[in-house]
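Student: here are the coordinates; sequence isn't available:
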C-alpha cells in the first residue's frame, strides 16, 4: 500500500495541507530558538526521538499543572504507578518510577553491583553504566553472535560463574534494533541460576512487531527474578520529560527504590505521563507512523545498495563504508546521525526515524555517501 507524505508520519511540516485519510492532524515541530530543539534546517536523526512529541492530552495536562508546579509531585507518583500496574497485571508495589528508564537501570547497576559481577552484551545501550562504573562497578562484556544479535548461549555460560549476580540486556536491542525470539529469551531466563537477576531494557518494546508476545512481563507476573525497564521517551514522544519505570518482583522493587538517585520526579513529566497512558488513540497513531517511517528508511537502504539489520525499533543500524566519515558528511548537509558506536564496529551507522522531510533528506543523501 502506498504511503502518502501525511499518512506515513504526519510530521513533515505540512500541517496546512489536506488531512490524511484518517482525518488526523498533527502540528509540525517548531524550531526552538532557546536551544531545546534542533536549529532550523537540521535533520535530527541521531537520538531515537519521536518527533510527534507528547499527545495533545499530555500538553494540556502540563499546561494545567503549571499553576501548581511549585509543589513537589510526590502524590502523583503512586497514581502513575497504579495505572501502570493495572495495565500489566501486577501490584503497584512492583512498579518503580524513575527519571527515564536510565535511572532505574542505573539503580539496578548500583544495587546489584554491590553483590557481584554484572554481565552485559558487548554491543548495546550502556549509558546507564556511566555513574556505576565511576563507583567501581564490576561487569564483564560478552561477545555478540556473528549476525550482531545477542548471544544467549554465551551469556548463559558467562552467568554460570559464581560471582555473577545480574545479566543486563536490551530487547529490542539498541543500537542493532534486533529482537530476541520470545521462546528463546524465556528459556534463557529460566535457565539462569536463582542468584542471577535478569534485567531487560524494553524501551522499544511498544514498537516491536508483537509487543504482547515478545515482552517478558508474563514471567515477572509469575514471580521470576526479572526486572523489566520501560520509558515514555519513545512511543509517547516524551524524551525530554524524563519519565521511565521498572516492573519487578516486590522484593526487587524494594531494592530498586532504595537505590533511586532522586527523591521526586518532575511534575510536568508525571502529568504528561498520566494523561498519555490512557490516550490509546495517540499511542496507536504514534506506533503506526514510526513503523511507516522505519519502512521508508528500509526502502532507502535497499535503493542505496547496502543493508540494515532487521529492526523492530524507531531506528536502523545501516552498513556503510566508514560510520565516522559518513556521519561527518551527513552533518555537512545538516543531517545528524550517530557516528560509529565503538571502534569495534566502524562500518555500522545508526539512523533514527524522524520528521518525514528529514527522513527524505537522509534517503536522498544515502546513495551518495554510503561508500565514502
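Tutor: Yep, it's here. Computed from a predicted structure; not experimentally measured.
Student: any idea how far residue 369 lies from residue 308?
Tutor: From residue 369 across to residue 308, the span is 15 Å (Cβ to Cβ, to the nearest Å). (Each C-beta comes from the backbone N, C-alpha and C, glycine too.)
Student: ugh, typo on my part, it should be residue 318
Tutor: As it turns out, when the distance is counted by Cβ to Cβ, residue 318 lies 5 Å from residue 308.
Student: looking at the two, which is more packed in?
Tutor: When residue 318 and residue 308 are compared on other Cβ atoms under 10 Å, the one with more neighbours turns out to be residue 318, at 27 against 23.
Student: what helix or strand is the more buried one on?
Tutor: Taking DSSP states H and E as the criterion, the element that holds residue 318 is strand 315-319.
Student: make sure residue 120 is indeed in a strand.
Tutor: Yes. Assessed by DSSP: H, G, I helix; E, B strand; the rest coil, residue 120 belongs to a strand.
Student: what's across from it in the sheet?
Tutor: Beta-bridge partners recorded for residue 120 (DSSP bridges): residue 141.
Student: buried ones in stretch 61-81?
Tutor: Along stretch 61-81, these residues count as buried under the neighbour rule (16 or more other Cβ atoms under 10 Å): 61-62, 65, 73, 76-77, 80-81.
Student: residue ranges in the stretch 201-350 of the chain under the pLDDT threshold?
Tutor: The model of the stretch 201-350 of the chain has no residue with pLDDT under 70.
Student: for the closest residue to residue 93 other than its chain neighbours, the count of nearby residues, please.
Tutor: Nearest-residue entry for residue 93: residue 250, 5.2 Å, with adjacent residues in sequence omitted and distances by Cβ to Cβ, 6 or more residues apart in numbering. The burial metric for residue 250, expressed as a neighbour count using other Cβ under 10 Å, is 11.
Student: could you point out which element follows the strand or helix carrying residue 85?
Tutor: When elements are defined using DSSP H and E, residue 85 is found to belong to helix 76-88. Sequence-wise, the next helix or strand beyond helix 76-88 is strand 95-98, with elements assigned using DSSP H and E.
Student: what pLDDT, on average, does that next one get?
Tutor: Taken as a whole, strand 95-98 has a mean pLDDT of 98.
Student: can you show me the helices along the protein?
Tutor: Here the chain has its helices, by DSSP state H, at 5-8, 56-65, 76-88, 100-113, 130-134, 152-159, 182-191, 211-214, 217-221, 250-258, 267-277, 280-303, 323-332, 356-369.
Student: okay, the ones you listed in a markdown table with distance to residue 343 next?
Tutor: Conversion of those to a markdown table gives the following (distance: least, Cβ to Cβ, whole Å):
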| stretch | distance to residue 343 |
| --- | --- |
| helix 5-8 | 36 |
| helix 56-65 | 40 |
| helix 76-88 | 39 |
| helix 100-113 | 23 |
| helix 130-134 | 18 |
| helix 152-159 | 21 |
| helix 182-191 | 29 |
| helix 211-214 | 31 |
| helix 217-221 | 36 |
| helix 250-258 | 33 |
| helix 267-277 | 36 |
| helix 280-303 | 23 |
| helix 323-332 | 10 |
| helix 356-369 | 21 |
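Student: for residue 165, find the nearest of these.
Tutor: In this view, the helices of the chain are compared for proximity to residue 165 by Cβ to Cβ, and helix 100-113 is the closest at 5.1 Å.
Student: pretty sure residue 309 contacts residue 178?
Tutor: Yes. Using Cβ atoms under 8 Å as the test, residue 309 is close enough to residue 178 to be in contact (5.7 Å).
Student: shared neighbours of those two, anything?
Tutor: Common neighbours of residue 309 and residue 178, using Cβ atoms under 8 Å, 6 or more residues apart in numbering, are residue 148.
Student: neighbour count: the two, which is higher?
Tutor: Set residue 309 next to residue 178 and count neighbours by other Cβ under 10 Å: residue 178 wins out with 22 against 18.
Student: hang on, isn't the more buried one packed against residue 148?
Tutor: Yes. In this structure, residue 178 sits in contact with residue 148. The criterion is Cβ under 8 Å, and the distance is 7.2 Å.
Student: shared neighbours, those two?
Tutor: Counting by Cβ under 8 Å, 6+ apart, the residues touching both residue 178 and residue 148 are residue 309.
Student: quick revisit: so what's the residue nearest to residue 93 up against?
Tutor: Remark: with contacts taken as Cβ under 8 Å, 6+ apart, residue 250 is in contact with 91, 93-94.
Student: please apply the same query to residue 303.
Tutor: By Cβ under 8 Å, 6+ apart, the residues touching residue 303 are 363, 366-367.
Student: once you drop chain neighbours, what's closest to residue 125?
Tutor: Residue 125's closest residue in space is residue 174 (Cβ to Cβ, 6+ apart), at 4.1 Å.
Student: next, count neighbours for residue 141.
Tutor: Applying other Cβ under 10 Å, we find 13 other residues in the vicinity of residue 141.
Student: got the contact list for it?
Tutor: Residue 141 is in contact with 119-122, counting by Cβ under 8 Å, 6+ apart.
Student: just the local confidence number for it, please.
Tutor: On the pLDDT scale, residue 141 is placed at 98.
Student: any idea how far it is from residue 115?
Tutor: Counting by Cβ to Cβ, the gap between residue 141 and residue 115 amounts to 19 Å.
Student: likewise for residue 365?
Tutor: Here residue 365 is placed at a distance of 48 Å from residue 115 (Cβ to Cβ).
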